[in-house]
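> Fold the following and give me the result.
(2 chains)
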Amino acid sequence: MAARRRVRSGIQQFVNMAARSKLHSPAPGQVTSTEVALETVALSKVYPNGRGIRDISFSVRRGEVFGMLGPNGAGKTTTIRTVLDFIRPTGGSATLLGVDAQSTPLARARVGFLPGDLALSERATGRDWLRFQADLREGVDWTYAERLMEEIEADVDEPLRNLSSGNRQKIGIVNALMHRPELLVLDEPTSGLDPLIRRRVYELLSGVRARGGAVLLSSHVLPEVERICDRVGIIRRGELVAVETMATLKSRAVRRLEIGFRGRPPVEAIEKAQGVMSVELDNSVVRIAVTGELSELLRAIAPYEVTDITTGAQALEDQFMSYYDGHEDDDKRQGRERTRS
Amino acid sequence: MNTALFRRCVNDRRRSMLWWGAGVLLLSLTYMLIYPSIKEVFAELDEFPVEILEAFGLQGISDLGTPEGYLTAELFSFTAPIVVIVFAVALGVSSIAGSERSGEMELLLANPISRATVLTQRFAAMLVLTLLLGAAMWIGLAAGIVLDVWPEVSHWNLAEQVFALVLLGWAFGAIGLFASAASGNSGMSYAVVGALAVASFVLNSFTQIVEELDPLKWITPFQYYSGSTPLADGLTWWHPLVSLGIAAASYTAGRYAFERRDLK
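Residues are numbered from 1 along each chain as shown, chains lettered A, B, ... in the order given. The predicted structure is shown next:
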């Protein structure tokens, strides 16, 4: 009797536990395993010459576009190739949709991939090649594939080797998307595309996100990342130096402004404004590097006679580099604060 | 089983297969057409010392004046092996390393198929296409029997001879596949397999002249092709098994290596 009661209370406990875990949804930001589409844990691929990637850990959730940002040679493509098991890690692991990337090719069943340099140099037409890829995958809805081809105006009747790189890229994008993957891995997806098609591709990616798919894309084009990514991982010399939400990244981005004044520029007022990192005086013009919002800076210069404002037309490289030299900038700012006080 | 990869591999080579097949067929027909006029000259070759004939790879031919002797000496001891080996090795090497260089391999392997599948289906395509090339040669030579140019040649022996040739192609094609699967470098694979084929041929010829080298003949894949004259005497039953063994071992080793290395 006592034993039975114990058993029952055990079951009750289990039921309670299950109920609790259902009720208590994870705190925002906390990721449960079913939400994660792609995860790397201390993923490393170190080549004998010392290059490669080290201890890369990040996850891409369902319903999220994750951007990998970094200059050429930083390790973006190496990360992607390791994640997809094209090259084998020297340490750590990668999980695709809950399956270890190395364990079975089926891990790639619901994954779409676009390589960085799409070298399709075949005699076959785009349509034939896509048909073949669809046959390999099995279960591709061909009417959907054809709709994709139309949507991004892919030239599928021309032999692949006659196509320009942009047109080849379109074939690659259809190939990555046609089986409605739950996880997309795209290496520089919009390189070579004209702005109109680029926008369509962004829309397609938003569609993937909207239906709960996950996207990992690499890029060194900041506006692209800014436009479609929810979170960004910054890769520098083979290491993931930061993972930030887009909002944080934007607030940290450095803008360069040139402001012309009638009379002597109010350098000190400008220096005091929030976010101002450096001020350079050139006669009646000041060159300013500023992060975050501009309102304080604008308030600071409002009382003065401003003749001209130019924003360093897309100083994207600078914005980008601010992340790379993040520590240096911090040091600089601290140094300035010290001299000020 | 999804055979899309195999089918495409064969399909892609339809056009080049047509040219190769036509070329080999014409080659065979040419040998047939010049035979009547060369018959007498060849009969006189029988007067040469046997060592000289052996140095030219014309060993073990009892009678050069016969069509079997003529075909073995002129076609099957040198020209035909070169053609078939070049064909098969090109297929074997391009299957893996060629595909990696073009970037095609990553696009294939982004699908839920294993590296072993890619290797196996392309290996199968190499076997089938080489067999088709052999068939083209067989048709050209069998025409000689049908048209009474060499009525004394046995259909069965001719088929065995061509089959032995195909097996030689399979063995070297598989070695090419292994080299490219292990290295991912097509240039190097061609060089290594080419050197291996030449060395194997030369060593095999030498072992017939230099008695001390004789035991070495067993290590050359050529021995299991030219060690007997199927056209005259039929195949030595276990020679095909060794050729098949070389192909199977190369395939297995290639698969092992390819599954473990990084893509280039």
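> Go through stretch A:287-302 and flag the buried ones.
Going by neighbour count (16 or more other CB atoms under 10 Å in any protein chain shown), the buried part of stretch A:287-302 is A:288-292, A:294, A:297, A:300-301. (Glycine included, C-beta is placed from N, CA and C.)
> I'd like the mean pLDDT over it, please.
Looking at stretch A:287-302 alone, the average pLDDT works out to 86.
> just stretch A:164-183 next, same as before
Mean pLDDT, stretch A:164-183: 95.
> swap in stretch B:68-75?
88.
> quick one: what helix or strand has the nearest residue to A:Gly70 once chain neighbours are set aside in it?
Taking CB to CB, 6 or more residues apart in numbering or on different chains, and ignoring the residues beside it in sequence, A:Gly70 has A:Ile235 as its nearest neighbour in space, at 3.6 Å. Using DSSP states H and E, A:Ile235 maps to strand A:231-236.
> what kind of secondary structure is the residue most central in space within chain A in?
Compute the mean C-alpha point of chain A, and by CA atoms, centre = their mean the closest residue is A:Gly67, 0.2 Å away. Following DSSP: H, G, I helix; E, B strand; the rest coil, the label given to A:Gly67 is strand.
> now A:Val286
Put simply, A:Val286 is strand when judged by three-state DSSP.
> Measure how buried it is and give me the count.
By the criterion of other CB atoms under 10 Å in any protein chain shown, A:Val286 has 20 neighbours.
> rewinding a little: so what's the residue nearest to A:Gly70 scoring on pLDDT?
The confidence metric pLDDT takes the value 91 at A:Ile235.
> One more: the one 5 residues further on?
In the predicted model, A:Leu240 carries a pLDDT score of 93.
> Is it in contact with A:Ile234, as I believe?
Yes: between A:Leu240 and A:Ile234 there is a contact under CB atoms under 8 Å: 7.1 Å.
> need the helices for the stretch 51-200 of chain A, in chain order.
Listed in chain order, the helices of the stretch 51-200 of chain A (DSSP state H, counting those that start in this stretch) span A:76-83, A:126-137, A:142-151, A:165-177, A:195-210.
> For chain B, find the nearest of these.
The stretch from the helices of the stretch 51-200 of chain A with the least distance to chain B (CB to the nearest CB) is helix A:126-137; that distance is 3.9 Å.
> Taking their axis directions, that closest one and helix A:165-177 sit at what angle?
Using axes from the mean of the first three to the mean of the last three CA atoms, to 10 degrees, one finds that helix A:126-137 and helix A:165-177 are set 30 degrees apart in direction.
> Quick one: mean pLDDT for helix A:126-137?
Per-residue pLDDT over helix A:126-137 has a mean of 95.
> tell me the contacts of A:Trp142?
Each residue near A:Trp142 by CB atoms under 8 Å, 6 or more residues apart in numbering or on different chains is listed here: A:131, A:134.
> okay, it: pLDDT?
At A:Trp142, the pLDDT recorded in the model is 96.
> How about the residues of the stretch 151-264 of chain B by chain A?
Contacts of the stretch 151-264 of chain B with chain A, taken as CB under 8 Å from any CB of the partner chain, map to B:260-263.
> Enumerate the positions of the strand or helix carrying B:Phe258 that are buried.
Element membership for B:Phe258, per DSSP H and E: helix B:239-260. By neighbour count on 16+ other CB under 10 Å, the buried set for helix B:239-260 is B:239-240, B:242-243, B:246-247, B:250-251, B:253-255, B:257-258.
> partners of the residue nearest to the centre of chain A in the sheet?
The bridge-partner assignment for A:Gly67, based on DSSP bridges, gives A:Leu217, A:Val232.
> Which one (most neighbours) among the residues of the stretch 151-264 of chain B next to chain A?
Each of those was scored for neighbours by other CB under 10 Å, and B:Leu263 scores highest at 19 neighbours.
> Which secondary structure state does that one sit in?
Local secondary structure at B:Leu263 is given as coil here, using three-state DSSP.
> Do you know the pLDDT at it?
As predicted, B:Leu263 sits at a pLDDT of 95.
> quick one, what contacts it?
Taking CB under 8 Å, 6+ apart as the criterion, B:Leu263 is in contact with A:81, A:86-87, B:100, B:105-106, B:109, B:184.
> Restricted to buried residues, select these in ChimeraX.
In ChimeraX, this line selects whichever of those come out buried by 16+ other CB under 10 Å:
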select /A:81,86,87 /B:100,105,106,109,184
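> Could you dump the contacts of B:Leu263 into a markdown table with distance to B:Ala171 and pLDDT added?
Written out in a markdown table, the entries for the contacts of B:Leu263 read as follows (distance: CB to CB, whole Å; pLDDT from 0 to 100):
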| residue | distance to B:Ala171 | pLDDT |
| --- | --- | --- |
| A:Arg81 | 34 | 96 |
| A:Phe86 | 30 | 96 |
| A:Ile87 | 31 | 96 |
| B:Glu100 | 23 | 93 |
| B:Met105 | 25 | 95 |
| B:Glu106 | 30 | 95 |
| B:Leu109 | 27 | 96 |
| B:Gly184 | 22 | 95 |
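> Output the helices of the stretch 51-200 of chain A in CSV; the columns should cover distance to B:Gly144.
Listed next are those as CSV, based on distance: least, CB to CB, whole Å:
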stretch, distance to B:Gly144
helix A:76-83, 55
helix A:126-137, 40
helix A:142-151, 50
helix A:165-177, 49
helix A:195-210, 61
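> Nearest to A:Val276, out of those helices?
With CB to CB as the measure, helix A:76-83 is the member of the helices of the stretch 51-200 of chain A nearest A:Val276 (31.7 Å).
> Give me the contact list for the closest one.
Where contact means CB under 8 Å, 6+ apart, the residues beyond helix A:76-83 that reach it are A:38, A:40, A:43, A:45, A:52-53, A:56, A:68, A:70, A:87-89, A:94, A:96, A:101, A:116, A:185, A:187, A:216, A:218, A:235, A:238, B:106, B:263.
> got the buried residues for it?
Residues of helix A:76-83 classed as buried by neighbour count (16+ other CB under 10 Å): A:76-83.
> and what of stretch A:258-276?
By neighbour count on 16+ other CB under 10 Å, the buried set for stretch A:258-276 is A:259-261, A:265-266, A:269-271, A:273, A:275-276.
> Output the below-cut-off pLDDT ranges for the stretch 1-150 of chain A.
Filtered on pLDDT under 70, the stretch 1-150 of chain A yields the residue ranges A:1-34.
> near chain B, which residues of it show up?
So far as CB under 8 Å from any CB goes, the stretch 1-150 of chain A lies against chain B at A:81, A:84-88, A:104-109, A:111-113, A:115, A:117-124, A:132-133, A:135-138.
> which of those are buried?
Buried by 16+ other CB under 10 Å: A:81, A:84-87, A:105, A:107-109, A:111-113, A:115, A:118-120, A:122, A:124, A:132-133, A:135-137, out of the residues of the stretch 1-150 of chain A next to chain B.
> And the residue nearest the centre of chain B?
Central residue of chain B (CA atoms, centre = their mean): B:Gly169, 2.3 Å from the mean position.
> give the contact list for it.
With contact set as CB under 8 Å, 6+ apart, B:Gly169 has these partners: B:84-85, B:87-88, B:130, B:133-134.
> could you dump those residues to a markdown table with distance to B:Leu27 and neighbour count?
Below are the contacts of B:Gly169 laid out as a markdown table (distance: CB to CB, whole Å; neighbours: other CB atoms under 10 Å in any protein chain shown):
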| residue | distance to B:Leu27 | neighbour count |
| --- | --- | --- |
| B:Val84 | 11 | 26 |
| B:Ile85 | 15 | 27 |
| B:Phe87 | 12 | 24 |
| B:Ala88 | 16 | 28 |
| B:Thr130 | 16 | 25 |
| B:Leu133 | 11 | 25 |
| B:Gly134 | 13 | 25 |
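> For those residues, which two are the farthest from each other?
Farthest apart among the contacts of B:Gly169 by CB to CB are B:Ile85 and B:Gly134. That separation is 12.2 Å.
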